[in-house]
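# I'll drop the sequence and a predicted model, then ask my questions.
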Amino acid sequence: MDERLIPYQEKMEKTLNNLHEEYASIRAGRANPHILDKLKVDYYGTPSPIQTVANVSVPEARIIQIQPWEASLVKEIEKAILTSDIGINPTNDGKVIRLVFPELTEERRKELVKDVKKHGEDAKVATRNIRRDGMDAFKKLGKSEDMSEDAVADLEDGMQKLTDQFIAKIDKAIEEKSKEILTV
């Protein structure tokens, strides 16, 4: 691969990674500790991820259990969960916080699949924008430097192939997440 394509490939990889992060935070009826990744707890004045101040486990398919290292953090963690957009009310016994995921209704599953597809389309648009930026840059290179039309065409062809690869990866991610959500 031409080294001039590498910066565009890296941008496309970031787009794909962002999509995977988005998908990790979508709950599919099963307990997934990654939905807590974006939550921060005030730990001695420092916003800290829940995973750094507590043991997070999944004892059953639809339950996340959070056991803080310090009992004083139970209220802080509970507050962080309540103010987030997770949509699950935590229960605590003074030492351990439990998040019980309700079974998803068919209607809710279909809404989640729509969200998955929307995020996927956004990632495709971002990938195509990266391709457009690359194509524009290659055309300018062709005009400003002593670069043959064939060399510019080869770069553009490489860019198109790269874009096609990432669009295929995005489609695969959409399909896998949709299947996961629709599996009862």
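Sure thing, it's come through.

# K38 should be in a helix, yeah?
No. Using DSSP: H, G, I helix; E, B strand; the rest coil, the secondary structure at K38 is coil, not a helix.

# so what's it closest to, chain neighbours aside?
In space, not counting the residues next to it along the chain, K38 is nearest to S25; the distance is 6.7 Å by C-beta to C-beta, 6 or more residues apart in numbering. No exception for glycine: its C-beta is placed from N, CA and C like everyone else's.

# Helix or strand for the most centrally placed residue in the chain, just tell me which one.
For the chain, E21 is the residue whose C-alpha lies nearest the centre (C-alpha atoms, centre = their mean; 1.7 Å). Secondary structure from DSSP states H and E places E21 in helix 6-24.

# Identify the residues contacting that helix?
The contact list for helix 6-24 (C-beta atoms under 8 Å, 6 or more residues apart in numbering) reads 1, 32, 34-35, 37, 116, 119-120, 123, 126-127, 130-131, 133-134, 159, 162-163, 166, 169-170, 173, 177.

# Out of these, which sit inside helices?
Using DSSP state H, 116, 119-120, 123, 126-127, 130-131, 133-134, 159, 162-163, 166, 169-170, 173, 177 are the members of these that sit in helices.

# Give me the buried entries from those.
Buried by 16 or more other C-beta atoms under 10 Å: 116, 119-120, 123, 126-127, 130-131, 134, 159, 162-163, 166, 169-170, 173, 177, out of the ones in helices among the contacts of helix 6-24.

# so which helix or strand takes in the residue lying closest to L182 once chain neighbours are set aside?
In this structure, L182 finds its nearest non-sequential neighbour in R109, 5.7 Å apart by C-beta to C-beta, 6+ apart. Secondary-structure assignment from DSSP H and E places R109 in helix 106-144.

# same deal with Q65?
Assignment of secondary structure by DSSP H and E places Q65 within strand 63-68.

# Just the buried residues of that strand, please?
I64, Q65, I66, Q67, P68.

# got a list of contacts for the very next helix or strand once past that strand?
Heading C-terminal from strand 63-68, the first helix or strand you meet, by DSSP H and E, is helix 73-83. Taking C-beta under 8 Å, 6+ apart as the criterion, the residues outside helix 73-83 that touch it are 36, 39-43, 50, 53-54, 66, 68, 88-90, 92, 94-95, 97, 99.

# Could you list the domains of the chain?
Domain segmentation of the chain under automatic domain parsing yields 3-24+105-182, 33-100.

# shaky segments in the protein?
Using pLDDT under 70 as the threshold, the predicted model of the chain has low-confidence ranges 27-29, 184.
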